[in-house]
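# The amino acid sequence is not available; the structure is as follows:
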């Protein structure tokens, strides 16, 4: 790996790299779609609005197809070691592209009804998906940093997309300020890593860090802590979660649905890869810290969610709690216990359907003239039985109820914890996920047993209904037929 | 060699002073001017590190273009004196000082304990740069070969930032 870097500088004549374009083809498809969407604005008087979601969807479907056909291939490291396409990166690519597809489906009606410019929305959304893919595939600190930024900056913009809404403005400002702050911390960690090791490629860093012997161990440890803190902001782990409730509540609901899954998946992919690849040798040092973070994240997320009276804010805290559950899988990783990482992968995939579905249902309620308060879901079953059933499926999934994808996701992660020698942690997580039942059942009881309080308007939202149907069906079907996805996750975690 | 090290420490101290004062002063115009002090000193440190091209770019782009823009924005926005909120004075400031001190102790401890100078040097040594034909050549070569992918991704990042800025700032689009 090192020769790649020295060779480029030492050569007298510049030889352009021969990159493997198939490896980055999903990113190319999405970039082309994003630029096309923007380009169509020039011809705005001539074309109808429907062209924007169609182009965005075409780009996403093409990216999904290009990722799927590469699944069986051997791992490819290209672009001078900046990029690695393997089962791991493809798994996350597929996850975030599915999140993008569902987001396009549920956003359509919000955009047309509120007269929000569609071209800008879809272009920014696609760029965030690209950033998440780059973060998951980066095999070098610099590519990682650019990917994380490309994933985050669009979400700051999307958070403020309802630009005449003060709450949305405030959320966007808070999110971008704290996001910039966290980026600075991440960058400080990356510079420490480079300063100590003199390397930016993960394999080279791993070779230098070794098992943590040598006089620079403390410096490497400081670097990894700063990286954990920086990425901890993006995945909303306690104590770096302060922005989450405000940003999730203030952002347009369709945006919250998208960013709560895609940013989390992308940042988790980056965190898993840098910790297990670059800092894999010193897992004994970072895993206790991650365990502490995981525990406080689970406790705070689950407990504070109970007292929320706004379903959107409740789901924001639930999203913090789920970060804790996923961190359990990563924290108990060791070179002999890769099942932890496959648990994280599967969890991220499952979470995409459940959480996007749950926030999407809130967006559906808003599109029908309701709010996101706990009273607004009262009697939903008698008004719109399918919507109530879909919402319940997503909430049950988040709870980890049998016959939903939430159960296998939690089981795999807790199993990993027990397998890594942390039985007490597995039991504690199980207990805390039972606490989750308290707040997930609350809106469900109101949906089925209370009298309706708000009158729902009934515009037809066909596209949105399709998106929500896919999310809800995915939550239920994957709960039964989870083994192909889990096999893939396992292959990805073991470096297949 | 000693003279270089003394100069480096001097520039570093000046840069740090500028950085601290930038966030400590209440007047935004003064903040920008202290940022200028920091940037110029960082440029001087680049010169000491033989990174002449980066030093020039630092002065031209950061201190030249970006800070002038900052100054315009700050002055155009007007600057009424805002009182320090009570929560900042009573809670945030003490906590920030504590956390900041903890980080300083940690960093100093790490530097002392692990003798960072024992770490690896990167591949871009003065010899390698000379072999490539100088600063500009070495940078250009690296940017379009080794760092091609981050370079291209950064262009998408700039595109989306421009789109977002225009969208959020314009009243009607």
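Structure's in. What do you need? A quick note: this is a predicted structure, and the numbers were derived from the prediction, not measured.
# what residue ranges in the chain score low on pLDDT?
Reading this off chain A. Low-confidence segments of chain A, defined by pLDDT under 70, span residues A:1-16, A:48-49, A:212-215, A:495-496.
# looking at chain B here, not the other one
B:1, B:79, B:114-119, B:173.
# Domains in it, by residue range?
Domain assignment of chain B by automatic domain parsing yields the ranges B:1-80, B:126-173.
# So is the first one next to chain A?
So that's domain B:1-80. No. Using Cβ under 8 Å from any Cβ of the partner chain, domain B:1-80 stays clear of chain A, with a minimum separation of 12.4 Å. Using the backbone N, CA and C atoms, a C-beta is placed for each residue, glycine as well.
# picking that back up, out of the domains of chain B, deepest packed?
Using mean count of other Cβ atoms under 10 Å in any protein chain shown, the stretch among the domains of chain B with the greatest mean number of neighbours is domain B:126-173 (a mean of 16).
# quick one: it near chain A?
Yes. In this structure, domain B:126-173 sits against chain A according to Cβ under 8 Å from any Cβ; the contacting residues are B:128-129, B:131-132, B:138, B:141-142, B:144-150, B:153-154, B:156-157, B:159-161, B:163-164, B:167-168, B:173.
# Looking at the residues you listed, which are in helices?
Of those, the ones assigned to helices by DSSP state H are B:128-129, B:131-132, B:138, B:141-142, B:144, B:148-150, B:153-154, B:156-157, B:159-161, B:163-164, B:167-168.
# what residues does stretch B:21-41 touch?
B:11-12, B:14-19, B:58-59, B:62-63, B:67, B:70-71, B:74-75, B:79, B:81 (Cβ atoms under 8 Å, 6 or more residues apart in numbering or on different chains).
# give me that answer again for 6 Å
The set of residues external to stretch B:21-41 that reach it, using Cβ atoms under 6 Å, 6 or more residues apart in numbering or on different chains, is B:11, B:14-15, B:18-19, B:62-63, B:67, B:70-71, B:74, B:79.
# starting at the chain centroid, how far to stretch B:126-143?
Averaged C-alpha coordinates place stretch B:126-143 at 23 Å from its chain's average position (Cα atoms, centre = their mean, to the nearest Å).
# do the same with stretch A:28-42
Mean C-alpha position of stretch A:28-42 versus that of the full chain (Cα atoms, centre = their mean) differs by 23 Å.
# re the thing from before, the contacts of stretch B:21-41 in helices, which ones?
Checked against DSSP H, the contacts of stretch B:21-41 include these in helices: B:11, B:14-15, B:18-19, B:67, B:70-71, B:74.
# I'd like those laid out as JSON lines, including distance to residue A:471.
Formatted as JSON lines, the entries for those read as follows, by distance: Cβ to Cβ, whole Å:
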{"residue": "B:11", "distance to residue A:471": "56"}
{"residue": "B:14", "distance to residue A:471": "56"}
{"residue": "B:15", "distance to residue A:471": "51"}
{"residue": "B:18", "distance to residue A:471": "51"}
{"residue": "B:19", "distance to residue A:471": "47"}
{"residue": "B:67", "distance to residue A:471": "48"}
{"residue": "B:70", "distance to residue A:471": "44"}
{"residue": "B:71", "distance to residue A:471": "49"}
{"residue": "B:74", "distance to residue A:471": "46"}
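# Nearest to chain A, out of those: which one, please.
Ranking the ones in helices among the contacts of stretch B:21-41 by separation from chain A, with Cβ to the nearest Cβ as the measure, puts residue B:19 on top at 12.4 Å.
# Just to check, residue A:370 is in contact with residue A:376?
Yes. With contact taken as Cβ atoms under 6 Å, residue A:370 and residue A:376 are classed as touching, separated by 4.2 Å.
# which neighbours do those two share?
Common neighbours of residue A:370 and residue A:376, counting by Cβ under 6 Å, 6+ apart, are residue A:454.
# which residues sit in contact with the closest residue in space to residue A:84 that isn't next to it in sequence?
Spatially, and ignoring its direct neighbours in sequence, residue A:84 is nearest to residue A:139 (3.9 Å; Cβ to Cβ, 6 or more residues apart in numbering or on different chains). Contact analysis of residue A:139 by Cβ under 6 Å, 6+ apart lists A:81, A:84, A:202.
# swap the cut-off to 7 Å and go again
The contact partners of residue A:139, taken as Cβ atoms under 7 Å, 6 or more residues apart in numbering or on different chains, are A:77, A:81-84, A:201-202.
# Out of those, give me the one that has the most neighbours.
The most neighbours of any of those, using other Cβ atoms under 10 Å in any protein chain shown, belong to residue A:82, which has 31 neighbours.
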